[in-house]
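Undergrad: Below is the sequence, then the predicted model.
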Amino acid sequence: MDDDPRNIFALKLTLKARGYAVETCTMAQEALDILKSEYDFSVILMDMMMPEIDGYEAVRIIRNTPEIKDIPIIAVTAQAMPEDRQKCIEVGANDYISKPIDVDLLLTAIEKLI
């Protein structure tokens, strides 16, 4: 999930071209609702800086929701300091990718988790 439709559009095209099925949303609550209703997600790409419920809180909620707690999460953020990566991992993300997204790094991260 990402709150910028342009990022979603570009990333969705890239992932679909690589054969991935993609579901997108721009708000954390919408993502949580989708995740709870469809249990076949292989990985979540979570923008950490979203309005209302930010990515940090969304990851915490996911990790505390039994039916979706085990889905791997890759934190995606423009904050690229070492402590930002650590903060993402501490809240429950499995991996971290900084923006602008390096597609090769993202694909490697996805492949490690699924």
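TA: That came through fine. Residues are numbered from 1 along each chain as shown.
Undergrad: same for the strand or helix carrying E83, what does it pack against?
TA: Element membership for E83 (DSSP states H and E) is helix 82-91. If contacts are counted by 3 or more Cβ pairs under 8 Å, 6 or more residues apart in numbering; DSSP states H and E, helix 82-91 sits against helix 55-63, strand 73-77, strand 95-98. The C-beta positions use only the backbone N, C-alpha and C, and glycine is treated the same way.
Undergrad: so what strands line up beside the last one?
TA: The reference is to strand 95-98. Strand 95-98 has these partner strands in its sheet, going by DSSP bridges: strand 73-77 (parallel).
Undergrad: so what's the nearest residue to K112 once chain neighbours are set aside up against?
TA: Of all residues not flanking K112 in the chain, D95 sits nearest, at 7.2 Å (Cβ to Cβ, 6 or more residues apart in numbering). Listed by Cβ atoms under 8 Å, 6 or more residues apart in numbering, the contact set of D95 reads P72, I73, I74, A75, A109, K112, L113.
Undergrad: Good, wrapping up.
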